[in-house]
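Engineer: I'd like to go over a predicted model; first the sequence, then the structure.
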Amino acid sequence: MRKGRIKEAKGLCHKDDPDLAYVLGLCMLEEGLKEEALELLMQVASSDPTLLGVRRRVVELALELGMEDVAAQTYAFINAHAFWEKEELMDAVAEVEEVVEEAETPEEDLLVLDEDDFLTVEMVETYVQQCLFEEALEQVEKLLEKEPDNQRALELKERIERYLSLLEPEEPS
């Protein structure tokens, strides 16, 4: 992050935007502000229990800061939640396999769709939540090619570009 941009980023950060709080937390880590970064990352993790990657960063940082209790508690949550997701995923796979086995549609009768046919703003937001900002930008641009007047997509693109600009490495003097 460019020097002096943390204050600007803090001004953009609010409780309704965990993505920006995550980006700011990463920037604080780069600047060596580990305690402040941990606080923000814990705030982001508590906003959405499915953000297991953020929780892993909390564990790593808490251990680094000697906060074993925070690390242990967060690690326990990850293990419990990850197991639940795996169990749910296995059930869903079994259901799909059952349906596929029952279907006897000849391959030539199957409708083939391009993956971009299903691209939505919500899907792009999923990339943002996972902090895959370059991929999110690529996907939102594809979406805007199909729907150039999609206001939500336009706003999301601006937000993603702002995040990426905050993460740009400082240029050498």
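Structural biologist: The structure has been received and is ready for your questions.
Engineer: Relative to Leu38, how far out is Leu65?
Structural biologist: 6 Å (Cβ to Cβ, to the nearest Å). For every residue, glycine as well, the C-beta is placed using N, CA and C.
Engineer: more neighbours, these two?
Structural biologist: Just comparing Leu65 and Leu38: by other Cβ atoms under 10 Å the higher neighbour count belongs to Leu38, 22 against 14.
Engineer: pLDDT score for that one?
Structural biologist: The score at Leu38 is 91. That number is its pLDDT.
Engineer: Leaving out sequence neighbours, find the closest residue to it.
Structural biologist: With Cβ to Cβ, 6 or more residues apart in numbering as the criterion, Leu38 has its nearest non-adjacent residue at 4.9 Å, and that residue is Leu61.
Engineer: Correct me if wrong: that neighbour contacts Leu26.
Structural biologist: No: Leu61 lies out of contact with Leu26 (Cβ atoms under 8 Å); the separation is 10.8 Å.
Engineer: Mutual contacts of those two, please.
Structural biologist: Each of Ala37 lies in contact with both Leu61 and Leu26 under the rule Cβ atoms under 8 Å, 6 or more residues apart in numbering.
Engineer: and the chain, what are its domains?
Structural biologist: 1-104, 106-173 (automatic domain parsing).
Engineer: weakest of these in terms of mean pLDDT?
Structural biologist: domain 1-104 - the lowest mean pLDDT of the domains of the chain, at a mean of 74.
Engineer: Could I get the buried residue list for the helix or strand containing Glu122?
Structural biologist: If you go by DSSP states H and E, Glu122 is part of helix 121-129. The neighbour-count check on helix 121-129 (16 or more other Cβ atoms under 10 Å) flags Val121, Val124, Glu125, Tyr127, Val128, Gln129 as buried.
Engineer: Now do the contacts for the residue lying closest to the third one once chain neighbours are set aside.
Structural biologist: Distance criterion Cβ to Cβ, 6+ apart; nearest residue to Glu125, sequence neighbours excluded, is Leu156 at 6.7 Å. Leu156 sits next to Val121, Val124, Glu125, Val128, Ala136, Val140 when contact means Cβ under 8 Å, 6+ apart.
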